[in-house]
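A.B. asks: Sequence first, then the predicted structure, then my questions.
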Amino acid sequence: MPRILPVIVLAQFFCTSLWFAGNAIAADLAAMLQQPPTFVADLTSAVQLGFISGTLVFALLAIADRFSPSRVFCFSALAAALCNLGINLAELEAGSLLTFRFLTGFFLAGIYPVGMKIAADYVQASLSKWLGFLVGALVLGTAFPHLLKSVTSQLPWQYVTLATSGLAVLGGLAMLLLVPDGPYRRTRQRLQVTAFLSGFRLPRFRAAAFGYFGHMWELYTFWAFLPLMLTTYNSAHPGANLPVSLLSFLLIGAGGLACMGSGLLSLIIAPRTVATTALALSGLCCLVSPLVLRSHSGGFFLSFLFCWGLVVVADSPMFSSLVAQSAPDASRGTALTIVNCIGFALTVVSIQVTSWLSDYVQAQDLYLLLAVGPALGLLAQLGSRREVATGA
């Protein structure tokens, strides 16, 4: 056990580096394909749509509950790594690029939720702590391509995709060779297409799921538009010259520390309390963002983004652990997968609406829209408490 869980966390970090590999080189791709700077929204949405499609297929077929999760993880990692390499092909067109990003997202559905399923098969009492480390690995993996881009800025952009695909292969093989099926795994032998609905009949499951949905409305739009926030600040303050790629890595990666911190904090404070507090704080960041993003103080601007980067994701492992713990044992993997599916579907809507609004709203005011997610997520928690209290 001491060896197994760190391997899961490291494999998750390696494989999820594929997620924002396209975002880190979005400027290079946009220039090569003669696309506008907002092309990053299309790149992000392509991955998210692929992930949504993948999670829907995985959930309907109950893949993670019917087959060995470690084998599913490894196969998905190898397939995603191959699709990620596809954007290195010569004479690539915008449509082909988006297709490769879509397919990468599709196979990420066998990595992120399946990794959480594997962790849940090994631990129960301290699941929220380990999911804190696991989601922290996802955050660091998401941020890692920005660091690669920063340190290889003098090299062709293809080095970013080569490095992330190589890491994904290592992560997938490590999971296959070093992580057998966990002691708490419950196998579902018979296919039940409606199994993914079983959790939503439970009030505690619904509460955790809707909190997660509100959190997701905000999270990936913040991550996707973070480089644009920094670029906009540089444009408004020519002397600032902020290093966009490096700061994007640091500000997104800081959320990984927040996830690990919230996981440890959940050992002494109820995970639901940790989750709702972080959700409320990130919603507050959305509301005050127009004022701070107009600040002339670079230090204040970056401090605010750092704080926002912490609280925007600190609730993610808490809601995921609450989903896993309240889901039916025989369909835990399917429940995690379908919740991910719906959550990521919301990210596409949020990203595209924000991108559309950017033509009509000043850049500093764009992110007020993100407060809708935390607000609705908090309302769901209040409503579920009354429902549980009355025994509904």
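C.D. replies: Cool, the structure landed. On a predicted model such as this, the values are computed, not experimentally measured, just so you know.
A.B. asks: need the longest helix for the chain.
C.D. replies: helix 203-236 (DSSP state H).
A.B. asks: got the contact list for the closest residue to F100 other than its chain neighbours?
C.D. replies: Excluding its sequence neighbours, the residue lying closest to F100 (CB to CB, 6 or more residues apart in numbering) is G86, at 3.8 Å. (C-beta placed from N, C-alpha, C; glycine too.) Under the criterion of CB atoms under 8 Å, 6 or more residues apart in numbering, the contact list for G86 reads 96, 100, 103.
A.B. asks: Checking the second one next. Helix, strand or coil?
C.D. replies: The local conformation at F100, judged by DSSP: H, G, I helix; E, B strand; the rest coil, is helix.
A.B. asks: pretty sure it contacts E93?
C.D. replies: No. Under the criterion of CB atoms under 8 Å, F100 is not in contact with E93, lying 10.9 Å apart.
A.B. asks: Which one's more surrounded, those two?
C.D. replies: In terms of neighbours (other CB atoms under 10 Å), F100 is the more surrounded of F100 and E93; the figures are 24 against 10.
A.B. asks: For the more buried one, which residues are in contact?
C.D. replies: So F100 contacts 83-84, 86-87 (CB under 8 Å, 6+ apart).
A.B. asks: Give me the distance between it and T44.
C.D. replies: 14 Å (CB to CB, to the nearest Å).
A.B. asks: Quick check: mean pLDDT of the helix or strand encompassing Q352?
C.D. replies: For Q352, the host element (DSSP states H and E) is helix 332-357. Helix 332-357 comes out with an average pLDDT of 85.
A.B. asks: One more: stretch 269-282?
C.D. replies: Stretch 269-282 carries an average pLDDT of 94.
A.B. asks: Pull out the buried positions in it.
C.D. replies: 271-272, 274-282 (16 or more other CB atoms under 10 Å).
A.B. asks: Could you grab the helix/strand/coil label for L155?
C.D. replies: Going by three-state DSSP: L155 is coil.
A.B. asks: And for it, the neighbour number?
C.D. replies: Neighbour count of L155, defined by other CB under 10 Å: 11.
A.B. asks: and it, how far is that from L5?
C.D. replies: Distance, L155 to L5, using CB to CB: 35 Å.
A.B. asks: mind checking the backbone torsions on P36?
C.D. replies: In terms of degrees, to the nearest 10, the main-chain angles of P36 are phi -70, psi 160.
A.B. asks: List the contacts of it.
C.D. replies: By CB under 8 Å, 6+ apart, the residues touching P36 are A30.
A.B. asks: from here on, count from 9
C.D. replies: Okay, using 9 as the starting number, the last item reads as P44.
A.B. asks: What pLDDT is listed against it?
C.D. replies: Reported pLDDT for P44: 80.
A.B. asks: same question, Q197
C.D. replies: 50.
A.B. asks: Ok, the one 4 residues further on next?
C.D. replies: You'll see V201 listed with a pLDDT of 49.
A.B. asks: Repeat that for E395.
C.D. replies: With respect to pLDDT, E395 scores 52.
A.B. asks: How about N96?
C.D. replies: So N96 comes in at 89 (pLDDT).
A.B. asks: what about the nearest residue to it once chain neighbours are set aside, how many residues close to it?
C.D. replies: Closest residue in space to N96, ignoring its immediate chain neighbours: Q166 at 4.9 Å, by CB to CB, 6+ apart. Residues near Q166, counting by other CB under 10 Å, number 14.
A.B. asks: Q166 against A98, yeah?
C.D. replies: No. Assessed by CB under 8 Å, Q166 is found out of contact with A98, at 10.6 Å.
A.B. asks: that older thread, for the helix holding Q360, which positions count as buried?
C.D. replies: Within helix 340-365, the residues that count as buried by 16+ other CB under 10 Å are 340-356, 358-363.
A.B. asks: Setting aside sequence neighbours, what's the nearest residue to G179?
C.D. replies: F22 (3.2 Å).
A.B. asks: and that neighbour, what helix or strand is that in?
C.D. replies: Counting by DSSP H and E, F22 is part of helix 12-24.
A.B. asks: for L387, same thing?
C.D. replies: For L387, the host element (DSSP H and E) is helix 380-397.
A.B. asks: where are the low-confidence patches of the chain?
C.D. replies: 9-10, 132-133, 194-207, 337-339, 341, 391-400 (pLDDT under 70).
A.B. asks: For the stretch 9-158 of the chain, just list every one of the helices.
C.D. replies: 12-24, 29-32, 34-41, 47-68, 71-74, 77-93, 102-116, 120-130, 135-159 (DSSP state H, counting those that start in this stretch).
A.B. asks: Now the element after the last one, going C-ward?
C.D. replies: Spelled out, that is helix 135-159. helix 166-186.
A.B. asks: helices and strands around that following helix, which ones?
C.D. replies: Secondary-structure packing of helix 166-186 (3 or more CB pairs under 8 Å, 6 or more residues apart in numbering; DSSP states H and E): helix 12-24, helix 29-32, helix 77-93, helix 135-159.
A.B. asks: okay, these in CSV with distance to G264 next?
C.D. replies: As requested, the helices and strands packed on helix 166-186 are arranged in CSV below (distance: least, CB to CB, whole Å):
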stretch, distance to G264
helix 12-24, 9
helix 29-32, 16
helix 77-93, 19
helix 135-159, 4
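A.B. asks: Include distance to D129 and mean neighbour count when you put those helices into TSV, please.
C.D. replies: Formatted as TSV, the helices and strands packed on helix 166-186 follow (distance: least, CB to CB, whole Å; neighbours: other CB atoms under 10 Å):
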stretch	distance to D129	mean neighbour count
helix 12-24	10	23
helix 29-32	29	28
helix 77-93	7	23
helix 135-159	10	25
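A.B. asks: Number of residues surrounding the residue lying closest to L384 once chain neighbours are set aside?
C.D. replies: Nearest non-adjacent residue to L384, counting by CB to CB, 6+ apart: G222, 4.9 Å away. A total of 26 residues lie near G222 under the criterion other CB under 10 Å.
A.B. asks: Surely G222 and A379 touch.
C.D. replies: No. Contact criterion CB under 8 Å: G222 and A379 do not qualify, at 10.0 Å.
A.B. asks: Which neighbours do the two have in common?
C.D. replies: Residues touching both G222 and A379 (CB under 8 Å, 6+ apart): there are none.
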